[in-house]
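**Student:** my questions are about this predicted structure, shown below with the sequence.
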Amino acid sequence: MVSQALPFRRYLATNAVVLAPSFVALAALHWHGDLALRPALVAAGGIAVVTILVVQRYLGALGRFARFVSELSGEEEPVMPRLKFAPATEELAGAAATLAAGWRRQRASIDNLAASAQAIVDGLPDPLIAVDRQRRIVRSNRAALALLGPIVAFRDLSTALRFPALLTVIDSLLAVSDGNFSGPDHVAIDLILPGPPELDVIAHVQRLPRAAADGSLALIVLHDTTALRRAERMRADFVANASHELKTPIAGLLGFIETLRGPARDDAAARERFLGIMAEQADRMRRLVDDLLMLSRIEQHEHARPDAAVDLGRVLAGVQDLLQFKASSRKVVVELAIAPTLPPAVGDYDELTIVFQNLIDNAIKYAKPATTVRVMAQAVAEDRVSVAVADEGDGIPAAHLPRLTERFYRVDNARSRQLGGTGLGLAIVKHVVNRHRGRLDIQSTPGKGSVFTVTLPAAAQPQK
């Protein structure tokens, strides 16, 4: 502990106060004739010298005590000073040191409790934000940061959640009338967080009985109900779409069955022809149900982004081998052009196989016979890769392009059904690409063909 000189004015004032009674007493004795002037001056000088020395030591002890007390508020515990000229002050210093040690223990305990509380809050699966009486953000957990991005503490909640309905609800919970809260203590409100993909959440807002130590007075918990809502919508859509698409083949099957039971019972040629048509209709229904189930599974997990590194060259080569027979039957050549430095994509191997199988299969089906389907894969930026599937077909009129990825939307219903299409292939492609945080672009020129381009995030390359 560094010793510092006390100000001269403090010495002067203190000595004046201490010497005043002695000087007054000597002056009174001299005034009454009990003490001559010379002895009085000698006594006054001696008393002044002794007093100055004692006061200097005493003030120095008090200064060291003051510095010791101020240093107790620091992180490190200071050395106890020696205060022989101020024994009472030395006792106070000991008491202050004991008090500071207890305060440090309590602060460490509070810090540990705060860290434990934050660890518990961070461990919650649902995003949580705590606000104070002025609607300022006091605390948030890791799930909130992952969902909403960086959250600045002690800023208004509207900087993180810009939903007027939610802010109005919180204001009503924090409203005070005659010193008491006037609104309810718990409110739940439905919100849709923008995407992609969009998230359906229920915001549960709970007011605490009293403000916490950190100032928290209301808690906002965002519960993700996207999967539940999508499951409800998918069930409704499945029933509506399946009933619509299955109606025609089922009616056809029933008609052929009635014919085979009746007029064509003994007609072998008609029976063989009808059984072939029935097999085609049954196969169409099987493909339709398989596609609907696949679409439902993909939509259910669309908000969960895959994180594996996928070799697109391997995916495309596998799809080419799988569709080679179908391409040969139409005299269509599938040509792969994969850049040598193509980085892997971030995604799911099986789902990306489904995407490019649908796109290349469509290109083969709608390409003109004896033409080429070109599949070109390349890097388009440091963190993006693209795969373009180009055919030489009849093309698609521009008016149809925005609706191509809708369920069961067909440019030519008759031709699509004739070629075995279910109307769900591009819808599946769209949802898989959305799950991969990618983009699907469609360009088409009537009479010349179409190009379907999928852009995906590239996996990070190891540093050389």
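**Tutor:** Looks like it came in fine.

**Student:** which parts of the stretch 351-464 of the chain are helices?
**Tutor:** Under the criterion DSSP state H, counting those that start in this stretch, helices of the stretch 351-464 of the chain are mapped to 413-418, 425-435.

**Student:** one more: the chain?
**Tutor:** 8-31, 37-71, 87-123, 142-148, 164-174, 226-261, 268-300, 312-322, 324-329, 349-366, 413-418, 425-435 (DSSP state H).

**Student:** how about the second one: buried residues?
**Tutor:** Of all the residues in helix 37-71, those buried under the rule 16 or more other CB atoms under 10 Å are 40, 43-44, 47, 55, 58-65, 67-69. From N, CA and C alone the C-beta is placed, and that goes for glycine too.

**Student:** the longest one now?
**Tutor:** For helix 87-123, a neighbour-count test (16+ other CB under 10 Å) marks 89-90, 93, 97, 100, 121 as buried.

**Student:** for Ala309, give its distance to Arg439.
**Tutor:** In this view, Ala309 and Arg439 are 19 Å apart by CB to CB, to the nearest Å.

**Student:** relative to Gly63, how far out is the nearest residue to Ile110 once chain neighbours are set aside?
**Tutor:** Closest residue in space to Ile110, ignoring its immediate chain neighbours: Ala213 at 7.8 Å, by CB to CB, 6 or more residues apart in numbering. For Ala213, the distance to Gly63 equals 36 Å [CB to CB].

**Student:** and for Ile277?
**Tutor:** Counting by CB to CB, the gap from Ile277 to Gly63 is 109 Å.

**Student:** and for Ser386?
**Tutor:** Distance of Ser386 to Gly63, computed by CB to CB: 76 Å.

**Student:** can you check Leu401 too?
**Tutor:** From Leu401 to Gly63 the distance is 85 Å (CB to CB).

**Student:** show the pLDDT at Leu199.
**Tutor:** Note on Leu199: pLDDT of 86.

**Student:** wait, what's in contact with the spatially closest residue to it that is not a sequence neighbour?
**Tutor:** Of all residues not flanking Leu199 in the chain, Leu193 sits nearest, at 4.3 Å (CB to CB, 6+ apart). By CB atoms under 8 Å, 6 or more residues apart in numbering, the contact set of Leu193 is 147, 199, 201.

**Student:** of those - the most surrounded one?
**Tutor:** Val201 (20 neighbours; other CB atoms under 10 Å).

**Student:** residues in contact with the residue lying closest to that one once chain neighbours are set aside?
**Tutor:** Among residues not flanking Val201 along the chain, Leu222 sits closest, at 4.7 Å (CB to CB, 6+ apart). Residues counted as contacts of Leu222 (CB under 8 Å, 6+ apart) are 126-128, 144, 147, 191, 201-204.

**Student:** and if you look at Val432?
**Tutor:** For Val432, the contacting residues are 298, 351-352, 354-355, by CB under 8 Å, 6+ apart.

**Student:** how near is the residue nearest to the spatial centre of the chain to Val201?
**Tutor:** Taking CA atoms, centre = their mean, the centroid of the chain lies closest to Ala146, which sits 1.7 Å from it. Distance, Ala146 to Val201, using CB to CB: 13 Å.
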